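A.B. asks: Quick one, what's the 3D model for this:
(2 chains)
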Amino acid sequence: AQSVTQLDSQVPVFEEAPVELRCNYSSSVSVYLFWYVQYPNQGLQLLLKYLSGSTLVESINGFEAEFNKSQTSFHLRKPSVHISDTAEYFCAVTPFSGGYNKLIFGAGTRLAVHP
Amino acid sequence: ETGVTQSPTHLIKTRGQQVTLRCSSQSGHNTVSWYQQALGQGPQFIFQYYREEENGRGNFPPRFSGLQFPNYSSELNVNALELDDSALYLCASSPTSGMNTGELFFGEGSRLTVL
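C.D. replies: Sure, this is the predicted structure:
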């Protein structure tokens, strides 16, 4: 079985400051890893994913995450946040050979960017 | 390209009643999954439908059931509603039944309140 722990339920930060949202997972098998974002009154959207290859993955809007297998972590970072980044961020995993689209989500981290 | 649409957006039911939630998948997607997101928690996988058959199920009782139609749209039915069923129900579609693409496309959800 897999589980995901997001270490911070809320992260307040000022605009243009750096931010890190922490994610740790537990699994007895290899997993794919994801970050999804949920803007107010919208559905979840994929922000970035790690399937294989380079352990550092980037999104089109400046976020990046690094897969650390030894620490079973997939922390999300952005060097300079904008007001528009205010949203709920969910880390998720799925086992390689699940055969179906079962994502196991963390409880979410609410990022609040203040001017 | 039409995204994932869900209906109704909000509804209120009383304990013991039955509810049906509906989902239209994104154009070209043949697989639909359903998730339950309780307040303050991450989404939890209920089940997935592929080619009109359930091909994966999470830890939910049999009173949670579903259907997928030939046009790939889907329904989630919940019988004998309980207070703990109050949640946001998310539908997600994908072009394959496995996590090969690494991305699910979510609707905005149906918020169910059970009184």
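
A.B. asks: Relative to chain A, how far out is residue B:46?
C.D. replies: Using C-beta to the nearest C-beta, to the nearest Å, we find residue B:46 at a distance of 10 Å from chain A. The C-beta positions use only the backbone N, C-alpha and C, and glycine is treated the same way.

A.B. asks: er, residue B:86 I mean
C.D. replies: Using C-beta to the nearest C-beta, residue B:86 is found at 17 Å from chain A.

A.B. asks: residue contacts, that residue?
C.D. replies: Applying C-beta atoms under 8 Å, 6 or more residues apart in numbering or on different chains, we find residue B:86 in contact with B:38-39, B:112-114.

A.B. asks: which of those residues has the most neighbours?
C.D. replies: Using other C-beta atoms under 10 Å in any protein chain shown as the neighbour criterion, residue B:112 leads the contacts of residue B:86 with 21 neighbours.

A.B. asks: can you tell me which residues contact that residue?
C.D. replies: Contacts of residue B:112 by C-beta under 8 Å, 6+ apart are B:11-13, B:19, B:21, B:78, B:85-89.

A.B. asks: Give me the residue at the spatial middle of chain B.
C.D. replies: Closest residue to the average C-alpha location of chain B: residue B:34 at 2.9 Å, with C-alpha atoms, centre = their mean.

A.B. asks: Same question for chain A.
C.D. replies: residue A:35 (3.2 Å).

A.B. asks: partner residues bridging that one?
C.D. replies: In this entry, residue A:35 is beta-bridged to residue A:48, residue A:91, by DSSP bridges.

A.B. asks: Around chain A, pick out the residues from chain B.
C.D. replies: B:4, B:31, B:33, B:35, B:40-45, B:48, B:50, B:55-56, B:58, B:90, B:92, B:94, B:97-99, B:102-104, B:106-109 (C-beta under 8 Å from any C-beta of the partner chain).

A.B. asks: Let's see which of those residues end up in strands.
C.D. replies: Here DSSP state E is the test, and those give B:31, B:33, B:35, B:44-45, B:48, B:50, B:55-56, B:90, B:92, B:94, B:106 as lying in strands.

A.B. asks: Find the nearest non-adjacent residue to residue B:29, please.
C.D. replies: Using C-beta to C-beta, 6 or more residues apart in numbering or on different chains and skipping residues adjacent in sequence, the residue nearest residue B:29 is residue B:93, 3.9 Å away.

A.B. asks: Now do the SS call for residue 28.
C.D. replies: Picking chain A for this. coil (DSSP: H, G, I helix; E, B strand; the rest coil).

A.B. asks: look at chain B instead
C.D. replies: coil.

A.B. asks: which residues touch it?
C.D. replies: Contacts for residue B:28 (C-beta under 8 Å, 6+ apart) come out as residue B:95.

A.B. asks: quick one on the thing from earlier: of the contacts of residue B:86, closest to chain A?
C.D. replies: residue B:38 (9.9 Å; C-beta to the nearest C-beta).
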